[in-house]
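**Student:** Curious how this folds, go ahead:
(2 chains)
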Amino acid sequence: MKACMRDRLLILSVFVVASCGLAYELIAGALASYLLGDSVLQFSSIIGCYLFAMGVGSHLSQYVKDERVLDTFVEIELLVALLGGLSASALFAVFAWSGESFRLTLYALVFLTGAMVGMEIPLVMRLLHQREQRFAELVSRVLTFDYLGALAVSLLFPIVLAPRLGLARSALLFGLSNVAVALWTCRVFRAELLRPTVQYLRSLLVLLVLGGGFIAADELTRWNEKAIYGDDVIHAETTPYQRLVLTRWKGDLRLYINGNLQFSSRDEHRYHEALVHPVMGALPWAQRVLILGGGDGLAAREVLKYPHVQQVTLVDLDPAMTGLFARSAPLVALNGGSLSNPRLQVINDDAARWLEQHGEVFDAIIVDFPDPSSFALGKLYSVPLYRLLSRHLADNGLAVVQSTSPYHAPRSYWSINATLRAAGLATTPYHAYVPSFGEWGFIIAAHRPGYTPPQAYRVPLKFLDREATRQMFFFPPDMRPWQVEPNQLNDQRLVHYFEQDWSQVIR
Amino acid sequence: MQRRDFLRTAATLAGLPWLTGCQQLLGWGLPVDVLRPGMATGHRLRHAATLPPPRSERRVDTVIVGSGVAGLFAGWRLAREGYRDFVLLNGPEPDGNAAAGAFDGWRYPTGAHYLPLPSPESAHVRALLADMGVIEAGHDSLRPTFDERVLVHAPDERLWRDGQWQDGLLPRGLGAADDAQQQRFLLHVKQLQQQHGADGRRVFTVPTALASQDPAWRALDAQSFASWLAAHGYTAPGLLWYLDYCCRDDYGSSLAHTSAWAGLHYFAARGGHAANAEDGAVLTWPDGLNPLLRHMRGRIGSQRQLDGAAWRIRQQGKQVQVDYVDAGGTQRLIARRVIVATPLHVAWHLLPQLAGLGFARAHLPPRAPWLVGNVLLDRFPAEPASQPLAWDNVVYGSRSLGYVVATHQLIRAALPERTVFTTYHAFADAAPATTRQWLAAASADALFEQATADLYAVYGPRLRRHMLAARLTVRAHAMASPQPGFLANPGLAVLRAADGPILFAHADLSGLSLFEEAAWWGDIAAQRVLG
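**Tutor:** Numbers count the residues shown, from 1 in each chain, chains lettered A, B, ... in the order given. All right, here's what the predicted structure looks like:
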């Protein structure tokens, strides 16, 4: 290859190097914004730290001896490739495994990458200068490509790379570009390198690491989630509505939605028997049943045990959730294939909107909504929603509402009770012990008072019998009712109660 | 506007004319519609084009001209009292300042978006709300029970300051002096809420017609709110920004151009309570106040609502002729009584006899121009977990009025898949005539930039990715501004008292643009028709 051609390619490598440099800065900023919030602070402090580190790197570059410039350039490329390429994955891992050292790791990584990148341009300029390029022309060309690279990445990253590849893979991709520059330098300048073979082998090694990382990026994310969840993750999926993570450890299947435990297969029977049978056992004539939420099909499994039930309507927002629990073999085994039962109809719609837009009446309604942990979810525990619910409830039908814990969250639990009453319903509170949740609460609502718990059940159950049922309706002195206000949408007291309750549990 | 002009000049000087295209970039590729309700018809009317003779003539006992809050309220009252022989002329701007629109079923307001809890004095508004079922019980008690779906849901308000949200609209953390003055002011207006004049009436009430006539208190109207605040030692920048925001939000005018009486009225007149919400709660619907108007239209009956714009109203003896233009040409209505429920600057052109009644052109209240933006988003932008999206979101220090979330009142298990953000901007800083010239000439892009200033300030250009469409409503004569001296306007007193064949009904009669005021004058006119 001609010398002038080589110089041109060297200049082109400036473009790649500059692109990668800016990319790492953007990735670190975006990641810190995602994980820590306050994007203005994160981006400013990371850009500041990075630029300062580049200055330090430029300063240090003078100590590289003239004869080692080319070797050092290759080594720096490889170091940048490793540091930058693995930065996003490493930061995710640090955040998952030990949240406390996250900031320290973040800034250390940003500083080191910045310092390395800061050395690159001065080294390239020296290389070109050694090759007797005119200084004015040299500076102009190097800086032109430097800035062009920055422009390319600043557009490519937010529009294409971050949304398509994600942060971890974008970082790895830029790392691979750095390795490519190193490899190419080894090939073209083989004669001028002091230790060409060593550099070549090193480059291949880094290429292997990053390439492997690029292929295994999903695996890495899963591995990090395992650290967060503690068990093997057997399924993980981000749907438009939520993140579903399914874990298994020695036969214990667990479902997490957005990081919150939904059930453990070891004791979910307790939760679902307690949710369903006090209502269903008291309605031996019930034919039409509505389940709101409960896309896992476990409440449906309990309802379908009753042969007199002719039609179960299950309304759950997320088709990914109901699809998963209708198809995955271990999950179908758990819910007894309830979601494919011909007596059951799955409707993927927003439960509240569905209630607004339909008029069907049901003998039993089972409400298994997420806890009222946000203003949006708090609306599902409101007088308007309960009034809407009561319009769908047959005259002598029963509804049951999952109502958080009367032991851990007494304000929330009794506020839900007060809200149901404010909606004109007669309520019967009860509770059950579910080991993975603790003491959990439910409330039965009806148009008229007079509910009596079943004395016996005609379907096979693991948890409930006459005595266990009796105990569920007994509130011992440490779970006596609290005098709290109903949830009004205007101030959403329930959401405040819920926060207050759980902040006192988690200490 | 100044900032953009500066940028344009700077860019031209720098030889970079393409930089001025930044405004285009903000809304690049986005379908932006600009609506100018009433503008074309209004300007034709102003230039007094003559009409061909009427093709039809119809006799009716009463005609209501205009279908804003006042006109519809008059019609609602007549219909409720069993009075049948009337028609309502919709005019070029149906629903007036309480109009609404929809993107594919996602409804949004293009004007007023909330109603404070009505105080006991606003019995007329309470009667309407009870008729709608919004007041479920106790419409004549101190604390009625309201339909919770309509009471604004928490979180209702938040303020963006220094890159962060804070709860409520009063800026906090601006120092002890500001906090102390804020507390003092709130206490001050709380006392004024209970203040009675020498005639035994409350000094500040909604409707203003029921307020005390005690000249000692009416004297507040002689000065601006700004000078009243200065005279009472209210100087803290946070408090003054908030009060200025309130004046622009309710009256379209800044502190310096708002009557002190009106400024205090905003805080001291609203004494409404609810059995099931805290004081200060408001009523709102996804499409603002439009459901109230739809309800009134339903009671009036579609057979009594005519499309067409009034052109000339003439009293001849004991009869009144109303000539109007519809798709079929000119039509004439001959009525025993006519309720002119248009803004007064429109009435001025409709009714050449107005000057003869003792109402002069100088009596027309000054009107503030507004720009309402509606942006359809394909998802909700990211919000901090500690300060989730509120119903009303305001930017501290901004000259715009923030944005309201149209889907806020929906009860849903998950966030709706789309939403509409409604932005408001009252042009309080320049002379209305200058602003109107700008509004008439401004491109869709320039209007879009103005309408979305707060959205971009909060979310940055990333928000553009979520925008599917924008609809901008230019209301160049949106509302009467209560400038100092407005209470003493003798022309308005004449129109308020009119009880002949021609009656007047509009919030303009009060000099300030509130639903309750418009409804009050609609109610009064209807009562006069009913005798």
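**Student:** And the contacts of the helix of greatest length in chain B?
**Tutor:** The longest helix of chain B (DSSP state H) is helix B:176-193. With contacts defined as C-beta atoms under 8 Å, 6 or more residues apart in numbering or on different chains, helix B:176-193 is touched by B:170-172, B:202-204, B:232-239, B:242-243, B:264, B:267-269, B:271. Any C-beta I mention is one placed from the backbone N, CA and C, and that applies to glycine too.
**Student:** Looking at those residues, which are in helices?
**Tutor:** In helices, defined here by DSSP H, the members of those are B:237-239, B:242-243, B:264, B:267-268.
**Student:** Which of the residues you listed are buried, as a PyMOL select command?
**Tutor:** The buried subset of the ones in helices among the contacts of helix B:176-193, as determined by 16 or more other C-beta atoms under 10 Å in any protein chain shown, is captured in PyMOL by this line:
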select buried, chain B and resi 238+239+242+243+264+267+268
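**Student:** wait, which of the ones in helices among the contacts of helix B:176-193 is closest to chain A?
**Tutor:** Minimum distance to chain A across the ones in helices among the contacts of helix B:176-193 is 20.2 Å, recorded for B:Phe267 (C-beta to the nearest C-beta).
**Student:** for chain B, what are the nearby residues on the stretch 151-300 of chain A?
**Tutor:** A:241, A:292-293 (C-beta under 8 Å from any C-beta of the partner chain).
**Student:** quick one: which of the residues you listed sit in strands?
**Tutor:** Counting by DSSP state E, the part of these found in strands is A:292-293.
**Student:** got the CA coordinates for the longest helix of chain B in CSV?
**Tutor:** Listed next in CSV are the C-alpha coordinates belonging to helix B:176-193 (Å, rounded to 0.1, in the frame of the first residue of the first chain):
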residue,chain,number,x,y,z
ALA,B,176,-37.7,32.6,53.8
ALA,B,177,-38.9,36.1,52.7
ASP,B,178,-40.8,34.6,49.8
ASP,B,179,-42.4,31.9,51.9
ALA,B,180,-43.4,34.4,54.5
GLN,B,181,-45.0,36.7,52.0
GLN,B,182,-46.8,33.8,50.4
GLN,B,183,-48.2,32.8,53.7
ARG,B,184,-49.2,36.4,54.5
PHE,B,185,-50.9,36.8,51.2
LEU,B,186,-52.9,33.6,51.5
LEU,B,187,-54.0,34.6,55.0
HIS,B,188,-54.9,38.0,53.7
VAL,B,189,-57.2,36.7,50.9
LYS,B,190,-58.7,34.2,53.3
GLN,B,191,-59.8,37.1,55.5
LEU,B,192,-61.1,38.9,52.4
GLN,B,193,-63.2,35.8,51.6
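**Student:** Any buried residues in that helix, and which?
**Tutor:** B:178-179, B:181-182, B:185, B:189, B:192-193.
**Student:** Spit out the contact partners of the most centrally placed residue in chain B.
**Tutor:** Chain B has B:Ala112 as the residue nearest its centroid, 4.6 Å off, counting by C-alpha atoms, centre = their mean. In this structure, B:Ala112 makes contact with B:97-98, B:288-289, B:515, judged by C-beta under 8 Å, 6+ apart.
**Student:** Now tabulate those in a markdown table and tack on pLDDT and secondary structure.
**Tutor:** Shown next, in a markdown table, are the contacts of B:Ala112 (pLDDT from 0 to 100; DSSP: H, G, I helix; E, B strand; the rest coil):
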| residue | pLDDT | secondary structure |
| --- | --- | --- |
| B:Asn97 | 96 | helix |
| B:Ala98 | 97 | helix |
| B:Gly288 | 96 | coil |
| B:Leu289 | 97 | coil |
| B:Phe515 | 97 | helix |
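**Student:** Widest-spaced pair of those residues?
**Tutor:** Set against one another by C-beta to C-beta, those have their most distant pair in B:Gly288 and B:Phe515, with a gap of 10.2 Å.
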